[in-house]
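Visitor: Next input, structure requested:
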Amino acid sequence: MREIEDMARAFIAPANVVIVAVSPANADIATSDGVRIAREVDPNLERTVGVLTKLDLMDRGTDARDVLEGVHWFPYDRVRVVHAVS
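Guide: Next comes the predicted model:
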């Protein structure tokens, strides 16, 4: 696992790289490895775009409103939602 994280860091470390941090909405974004590594190399999230997936699989009574409104983790204009209808 450490080798994979080191490889990912090496790819996203250069200042000219845009980071796409993908996290499923049905998991705790606070423990997302992708978000954690993105914050390590881009602490102000200036070149990071957050992508939330699987909103349709969230537990009943929960929502991703704080993330989508930029209250937690990503500035509002840098969060994207992916929803595929099957």
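
Visitor: which residues in this protein form strands?
Guide: 19-24, 48-53, 79-81 (DSSP state E).

Visitor: Distance to residue 31, mean pLDDT and mean neighbour count added to the ones you listed, as JSON lines?
Guide: Bear in mind the C-beta positions are built from the backbone N, C-alpha and C, glycine included. Listed next are the strands of the chain as JSON lines, based on distance: least, Cβ to Cβ, whole Å; pLDDT from 0 to 100; neighbours: other Cβ atoms under 10 Å:
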{"stretch": "strand 19-24", "distance to residue 31": "9", "mean pLDDT": "86", "mean neighbour count": "19"}
{"stretch": "strand 48-53", "distance to residue 31": "15", "mean pLDDT": "82", "mean neighbour count": "20"}
{"stretch": "strand 79-81", "distance to residue 31": "18", "mean pLDDT": "53", "mean neighbour count": "15"}
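
Visitor: wait, which of the ones you listed is closest to residue 8?
Guide: Nearest of those to residue 8, taken as Cβ to Cβ: strand 19-24 at 9.6 Å.

Visitor: With only the CA atoms kept, save that closest one in PDB.
Guide: Extracted C-alpha coordinates of strand 19-24, given in PDB (Å, rounded to 0.1, in the frame of the first residue of the first chain):
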ATOM      1  CA  ILE A  19      -5.300  16.600  -9.200                       C
ATOM      2  CA  VAL A  20      -8.600  14.800  -9.400                       C
ATOM      3  CA  ALA A  21      -9.500  13.400  -6.000                       C
ATOM      4  CA  VAL A  22     -12.300  10.900  -6.500                       C
ATOM      5  CA  SER A  23     -14.300   9.700  -3.500                       C
ATOM      6  CA  PRO A  24     -17.500   7.700  -3.200                       C
END
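
Visitor: angle of it against strand 48-53?
Guide: If you take axes from the mean of the first three to the mean of the last three Cα atoms, to 10 degrees, strand 19-24 sits at 20 degrees to strand 48-53.

Visitor: now strand 19-24: how far from the chain's centre is it?
Guide: Here strand 19-24 is found 3 Å from its chain centre; the criterion is Cα atoms, centre = their mean, to the nearest Å.
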